[in-house]
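A.B. asks: this is a predicted model, with the sequence first.
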Amino acid sequence: MLRVGVAAVWLYEGLWCKVLAKAPSQKEVVSAVPRFGGWAAPFLMVLGVVEAALGVWVLWGFAPGLCAVTQTVLLVTLNANGLLWARNMIHDPAGMVVKNAAFLMLAWVCGAAGGVRP
């Protein structure tokens, strides 16, 4: 069940918010990053595919430790850049950090629980 929950977040964020562009505020945040303004839409499309792929990876259960590391690197990078370049556009920056820290704890529980062995 934990893997389904973690995967659902990645699939929602990737497919709904970015690939289908149902969260326009994300484009505004990316546009605030220097040199990303004109590339926000294509960047979000690629990022959305990557996030959806992470969701599938979580569900698959292959190399769960590496999956948890990958999720952590991606989420910390995205949060750090959002806070650095677009803090004023993020509704609740502290809440975002707390929620994402809790989410990463769940990702790490999935990583520690094991999964499919090669």
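C.D. replies: All right, it came through fine. Numbers count the residues shown, from 1 in each chain.
A.B. asks: toward the C-terminus from the worst-scoring helix or strand of the chain on mean pLDDT, list the very next helix or strand.
C.D. replies: The helix or strand with the lowest mean pLDDT-type score in the chain, counting by mean pLDDT, DSSP states H and E, is helix 24-31 (a mean of 92). On the C-terminal side of helix 24-31, the nearest following helix or strand under DSSP states H and E is helix 40-60.
A.B. asks: give the other helices and strands that that next one contacts.
C.D. replies: Helices and strands touching helix 40-60, as assessed by 3 or more Cβ pairs under 8 Å, 6 or more residues apart in numbering; DSSP states H and E, comprise helix 2-11, helix 24-31, helix 64-86. (Glycine included, C-beta is placed from N, CA and C.)
A.B. asks: now do that helix against helix 2-11, angle only.
C.D. replies: Here helix 40-60 runs at an angle of 170 degrees relative to helix 2-11 (axes from the mean of the first three to the mean of the last three Cα atoms, to 10 degrees).
A.B. asks: name the residues of helix 40-60 that are buried.
C.D. replies: Within helix 40-60, the residues that qualify as buried by neighbour count (16 or more other Cβ atoms under 10 Å) are 40, 43-44, 47-48, 51-52, 54-55, 57-59.
A.B. asks: what do you get for stretch 13-20?
C.D. replies: Buried residues in stretch 13-20, counting neighbours by 16+ other Cβ under 10 Å, are found at 13-15, 17-19.
A.B. asks: likewise for stretch 59-67?
C.D. replies: Taking 16+ other Cβ under 10 Å as the basis for neighbour counts, the residues of stretch 59-67 that come out buried are 59, 61, 63-64, 67.
A.B. asks: and it, how far out from the chain middle?
C.D. replies: Between the mean C-alpha point of stretch 59-67 and the mean C-alpha point of its chain there is a distance of 16 Å (Cα atoms, centre = their mean, to the nearest Å).
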